[in-house]
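Asker: Let's see this in three dimensions:
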Amino acid sequence: MTTAAREKFSSQAAPEVLAALRQIAESQGRQFQAVLDEALRDYIDRQQKARPRRHVMASFASSLDEFDSLYRELAK
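Answerer: Model (predicted):
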């Protein structure tokens with residue numbers, strides 16, 4: 001099994017957030033670092049999925065321009 005490279009960093013968090021993460025780690029029998037890493041990855045995934053990509057929005061706008069009358073008819 002290979003381990004991913006890790007980089008140390010320093011930050012601060014609200015005590016209740018850290019306590020919750022520690023409790024989750026303990027209840028799951030996992031290391032705090034693993035739970036923190038998972039939480040950060042989940043946050044990144046949600047943020048990236050929340051914003052439509054530029055080319056998707058451009059295609060959507062083009063579709064609205066091209067099929068506006070059809071969309072209006074279908075909406076009736």
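
Asker: Asp65 and Ser59, how far apart?
Answerer: The gap separating Asp65 from Ser59 is 11 Å, by CB to CB, to the nearest Å. C-beta here means a position set from N, CA and C on the backbone, and glycine is covered the same way.

Asker: actually Glu26, not the one I wrote
Answerer: Glu26 is 47 Å from Ser59, by CB to CB.

Asker: and the longest helix for this structure?
Answerer: Determined from DSSP state H, the single longest helix within the chain is helix 54-75.

Asker: Any idea how far that one is from the middle of the chain?
Answerer: 27 Å (CA atoms, centre = their mean, to the nearest Å).

Asker: ok, back up a step: more neighbours: which of Asp65 and Ser59?
Answerer: Between Asp65 and Ser59, counting by other CB atoms under 10 Å, Ser59 is the more crowded of the two (11 against 8).

Asker: ok, so what distance separates that one from Ala14?
Answerer: 41 Å.

Asker: Over to Arg30?
Answerer: Relative to Ala14, Arg30 is positioned 21 Å away (CB to CB).

Asker: neighbour-wise, which of those two wins?
Answerer: In this view Arg30 and Ala14 are compared by other CB under 10 Å, and Arg30 has more residues nearby, 12 against 8.

Asker: check which helix or strand covers the spatially most central residue of the chain.
Answerer: Nearest residue to the geometric centre of the chain (CA atoms, centre = their mean): Arg46, 1.9 Å. Assigning secondary structure by DSSP states H and E places Arg46 in helix 32-50.
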